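Colleague: missing the sequence, but the structure's below:
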């Protein structure tokens, strides 16, 4: 297997319940204003913001790709959260088990400084260490397929 593609979405039941609860809770004051026929603009801000966040998280898609050129990952449809690594700039690359909360503070777009991560769920990831010692982890729900693609492409590139 030379090409690896994976798409992951935030679909954890607890996250969906939490987001729905936040949207409803932020809209509750609005219902009392509707009942007295006086809706103020500032009463719409919190429900609209929470609804936009809910929709954004629901449509976010972590897209990972491993091929003969390198590894890329990004949260689509957000173009500014895309990372590309050519094999030439990678010193080490392997699949590992990690601790999302203690190592990165949870799931999503995580990390500060040289150690960063894009992950959606689980505790398996593709660890990339660049030649300038930048560390980047991409969460995966298909660790065996990712490992095979890395071994095939990274090894072939090194030879």
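Modeller: Sure thing, it's come through. Computed from a predicted model, the values in this text were never measured in an experiment.
Colleague: and stretch 86-100, average pLDDT?
Modeller: Rounded to a whole number, the mean pLDDT of stretch 86-100 is 93.
Colleague: Next secondary structure element downstream of the lowest-mean-pLDDT helix or strand in the chain?
Modeller: Between all helices and strands in the chain, the lowest mean by mean pLDDT, DSSP states H and E belongs to helix 13-35, at a mean of 72. Next in sequence after helix 13-35, counting helices and strands by DSSP states H and E, comes helix 41-59.
Colleague: tell me what that next one is packed against?
Modeller: Using 3 or more Cβ pairs under 8 Å, 6 or more residues apart in numbering; DSSP states H and E, the elements in contact with helix 41-59 are helix 13-35. In short, each C-beta sits where N, CA and C put it, glycine included.
Colleague: List the residue ranges of this structure that fall below the pLDDT cut-off.
Modeller: For the chain, residues meeting the criterion pLDDT under 70 lie at 1-2, 12, 14-15, 31-42, 112-114, 155-159.
Colleague: Residues contacting stretch 9-26, please?
Modeller: Stretch 9-26 is contacted from outside by 46-47, 49-51, 53-54, 57-58, 60-62, 107, 120-121, using Cβ atoms under 8 Å, 6 or more residues apart in numbering.
Colleague: For residue 80, state which of the residues you listed is nearest.
Modeller: In terms of Cβ to Cβ, no member of the contacts of stretch 9-26 lies closer to residue 80 than residue 60, at 13.0 Å.
Colleague: Kindly provide the distance from that closest one to residue 54.
Modeller: 11 Å (Cβ to Cβ, to the nearest Å).
Colleague: if we can go back for a sec, of the contacts of stretch 9-26, select the buried ones using a PyMOL command.
Modeller: Buried subset of those, written as a PyMOL selection, criterion 16 or more other Cβ atoms under 10 Å:
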select buried, resi 46+47+50+54+60+62+107+120+121
